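Q: here are the coordinates; sequence isn't available:
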């Protein structure tokens, strides 16, 4: 069963705007990761945040993690048409537990 | 450059046939995973392996099998293909506690 649940399922914005996607999960985690998938391709890792971290940045990406609410958000600032893709959160448990993925958010950035 | 390759990219087969999907990685990763991706379900884990001769069942393992005879390869076999197994299949690999590297997927259609 899915651990992470992304919200919204789909998001359409204008180029230059910020895009925010949310992920909620059910059980305790060791880390939470965000991946991106372009149409017809495999997923690509974007950023990993550990359970003892609250915020992490990578270029135009900002990820927050609230373990008390079991939720995370991915913010893409100053979006570009090339950011159009599906974005997935994935949760990792303790040890070497396989990642469990959510259903994804489909982002469309309109030029 | 290291990579993970899936073959074939597209496959059409008939109900009841045995089908094997190939996955080959040159990252020298111990961990390898098979996921299927379906609309409305996101990615679901089929089987995974943490090393040679090690295999484990995932969330949706019924009707599938894997074997790990070397570090580089984890072929996925559908023993008797069913229409419910029409899907896009992704292979991924990783080191312990590191992000996943995905292949570009195999689109399988069972008629």
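A: Everything's here; your move. As the structure is a computational prediction, the values presented were derived from the model and not from experiment. Numbering: from 1, shown residues only, chains lettered A, B, ... in the order given.
Q: Just want the most central residue of chain B.
A: Against the mean C-alpha coordinate of chain B, by Cα atoms, centre = their mean, the closest residue is residue B:34 at 3.3 Å.
Q: Return the residues in contact with the residue in chain A positioned nearest to chain B.
A: Chain B sits closest to residue A:42 of chain A, with a gap of 3.2 Å, by Cβ to the nearest Cβ. C-betas here are computed from N, CA, C, even on glycine. Under the criterion of Cβ atoms under 8 Å, 6 or more residues apart in numbering or on different chains, the contact partners of residue A:42 comprise B:4, B:90, B:92, B:102-105.
Q: Repeat that for residue B:18.
A: Counted by Cβ under 8 Å, 6+ apart, residue B:18 has contacts B:77-81.
Q: And the residue of chain B closest to chain A?
A: Closest point on chain B to chain A, by Cβ to the nearest Cβ, is residue B:102, at 3.2 Å.
Q: Was I right to think that residue contacts residue B:94?
A: No. The pair residue B:102 / residue B:94 is not scored as a contact, 9.9 Å apart, by Cβ atoms under 8 Å.
Q: in which helix or strand would I find residue 47?
A: If you meant another chain, say so; for now it's chain A. Here residue A:47, judged by DSSP states H and E, is contained in strand A:43-50.
Q: my question was about chain B
A: Residue B:47 is part of strand B:42-51, with elements assigned from DSSP H and E.
Q: continuing past that strand, what's the next helix or strand?
A: Using DSSP H and E, the helix or strand that follows strand B:42-51 in sequence is strand B:54-57.
Q: what packs against that next one?
A: Counting contacts by 3 or more Cβ pairs under 8 Å, 6 or more residues apart in numbering or on different chains; DSSP states H and E, strand B:54-57 packs against strand B:42-51.
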